[in-house]
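Asker: Sequence and predicted structure below; questions after.
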Amino acid sequence: MDIAIPGAFWNTKKFPLIIAGPCSAESEEQVLRTARQLAEIPEVKVFRSGLWKPRTRPGSFEGVGEKGLLWLEKVKAETGLLTTVEVARPDHVELALKHGIDILWLGARTVVNPFVVQELAEAMKGVPITVMVKNPIIPDIKLWIGALERINNAGIRQLLAIHRGFHYFEKSPFRNAPMWEIPIELKRLAPQLPIIVDPSHICGRSDLLQEISQKAVDLEMDGLMLEVHENPETALTDAAQQITPETLKLLLKNLILRKRTGNPDFENRLEALRTEIDKLDGELLQILAKRLEIIDEIGDYKRDNNITILQMKRWAGIITDRLSIGTHLGLDEQFLKRLLNLIHKESIQRQTKIFNNK
Ligand code: PEP
Ligand code: MN
């Protein structure tokens, strides 16, 4: 991707980029009052507000639409904050550009659909605008990168990614599981692409925002997008996750910003520890490869003797035994279960292949 850091409005080295504003624009007064309060927080650079809301079911509040663009024009003129809205259809792009919106963003529901992303990319073609692309709802990094590439191919160079968590079936305190490994992998694949974290949609509730915002900063993410409402309880959308401008001020004040690199002593010690990790990972992989080789041998043996692959009693025994050893070694039980299941799945797959090769 050919990406330029949108340096015109933000210096990541100083403080993460802070984008704040209500989930939805509800009235001109609500938008302007919130923006005025946010403009008093020096770290806040961009005012967000949803005008066209993607709602799960029809009949809920679906946003104020086009008239909200006039309110955002006023926000910009009065406070100097940059403005950003979600665009989900080409006519949204056209209208937002007409009203001088500075940054467009693509929502999580839009990014799952390459046809729609392509249409939006075409509507933006050749326009010197900044675009933020949220991750798709499902944890598919290729879909996320694909959307970024489509926008980038339309000539948009000022691109940012927004990590807003992923839909996840297992129980979790979060509305959308953070799955940090995915934005970290995106950072590895596209190091020049800034990643903004959206703690509001990850958490789904305001009491977890500080923790997730801190985690984002600790993982060297480049900014935060937080939903702020003048009176969260009365918000028409996402009431449980919104905070007041006052609470945002406190959250930012409590953020601990860490240095990205340390002094030579620190670096040397870190390097030594990392070398140790590299060596252990090598050993771990060798042991794993050896284990799978023996699995193949067992597969051959079972096949030649016409015995089924999955032997429940043996597997149940392995689980009990390994959980006991692992937990005694201080490993987390849930982690162990996931790890053992992963290894077991791979073993079954390899044996199935052996059986099919007969
Ligand atoms: C939003 O930012 O209000 C929104 C709808 O988010 P997402 O697309 O991440 O669900
Ligand atoms: Mn929202």
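Answerer: Alright, I've got the coordinates. Ligands and ions are numbered 1, 2, ... in the order given.
Asker: Any residue of the host helix or strand of Ile19 touching ligand 2?
Answerer: Element membership for Ile19 (DSSP states H and E) is strand 17-21. No - figure legend: strand 17-21 not in contact with ligand 2 (C-beta under 5 Å from the ion); closest approach 10.3 Å. The C-beta positions use only the backbone N, C-alpha and C, and glycine is treated the same way.
Asker: Alpha carbons of that strand, in CSV - could you do that?
Answerer: C-alpha atoms of strand 17-21 as CSV (Å, rounded to 0.1, in the frame of the first residue of the first chain):
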residue,chain,number,x,y,z
LEU,A,17,-4.6,11.0,18.0
ILE,A,18,-7.8,11.4,19.9
ILE,A,19,-11.1,11.3,18.0
ALA,A,20,-14.2,11.9,20.1
GLY,A,21,-17.9,12.6,19.7
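Asker: Partner strands of that strand, with direction?
Answerer: Next to strand 17-21 in the sheet, as set by DSSP bridges, lie strand 44-48 (parallel), strand 223-227 (parallel).
Asker: Report the buried residues of stretch 278-287.
Answerer: By 16 or more other C-beta atoms under 10 Å, stretch 278-287 has no buried positions at all.
Asker: Likewise for stretch 216-231?
Answerer: Buried residues in stretch 216-231 (16+ other C-beta under 10 Å): 216-217, 221-230.
Asker: now do the same end-to-end measure for it.
Answerer: Terminal residues of stretch 216-231 lie 26 Å apart, using C-alpha to C-alpha, to the nearest Å.
Asker: try stretch 251-267
Answerer: 30 Å.
Asker: which other residues reach that stretch?
Answerer: Taking contacts as C-beta atoms under 8 Å, 6 or more residues apart in numbering, the residues outside stretch 251-267 that touch it are 15-16, 18, 41, 43, 209-210, 213-214, 217-218, 220, 226, 243, 270.
Asker: how does it look with 10 Å?
Answerer: Defining contact as C-beta atoms under 10 Å, 6 or more residues apart in numbering, one finds that stretch 251-267 is touched by 12-16, 18, 20, 41-44, 199, 206, 209-210, 213-214, 216-218, 220, 224, 226, 228, 243, 268-270.
Asker: Surely Lys53 touches Leu236?
Answerer: Yes - if you go by C-beta atoms under 10 Å, Lys53 and Leu236 touch, sitting 8.7 Å apart.
Asker: who touches both of the two?
Answerer: What both Lys53 and Leu236 touch, as defined by C-beta under 10 Å, 6+ apart, is the set 23-25, 60-64.
Asker: What's the ChimeraX syntax to select whichever of the residues you listed are buried?
Answerer: Buried residues within the shared contacts of Lys53 and Leu236, by 16+ other C-beta under 10 Å, are selected in ChimeraX with:
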select :23,24,25,62,63,64
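Asker: farthest-separated two in the shared contacts of Lys53 and Leu236?
Answerer: Using C-beta to C-beta, those span at most 15.4 Å, a distance reached by Ala25 and Ser60.
Asker: returning to that earlier point: ok, then the element right after the strand holding Ile19?
Answerer: Going down the chain from strand 17-21, the next helix or strand is helix 28-39, by DSSP H and E.
Asker: Show me what that following helix is packed up against.
Answerer: Contact analysis of helix 28-39 by 3 or more C-beta pairs under 10 Å, 6 or more residues apart in numbering; DSSP states H and E lists strand 17-21, strand 44-48, helix 67-79, helix 245-254 as its packing neighbours.
Asker: Pull out the buried positions in that helix.
Answerer: Buried, per 16+ other C-beta under 10 Å, within helix 28-39: 30-32, 34-35, 37-39.
Asker: Please name the residues that touch Lys142.
Answerer: So Lys142 contacts 136, 149 (C-beta under 10 Å, 6+ apart).
Asker: Any idea how many residues pack against the residue of the stretch 251-358 of the chain found nearest ligand 2?
Answerer: Nearest residue of the stretch 251-358 of the chain to ligand 2 (C-beta to the ion) works out as Leu251 at 16.9 Å. A total of 21 residues lie near Leu251 under the criterion other C-beta atoms under 10 Å.
Asker: Also Ala239?
Answerer: When neighbours are counted by other C-beta under 10 Å, Ala239 registers 15.
Asker: Am I right that it is in contact with Glu26?
Answerer: No - look at Ala239 against Glu26 with C-beta under 10 Å: they stay out of range, at 11.4 Å.
Asker: any idea which of the buried residues of helix 28-39 is closest to Ile145?
Answerer: Nearest to Ile145 among the buried residues of helix 28-39, with distances taken as C-beta to C-beta, is Leu38, at 31.5 Å.
Asker: Look up how far Leu32 lies from that closest one.
Answerer: Distance, Leu38 to Leu32, using C-beta to C-beta, to the nearest Å: 11 Å.
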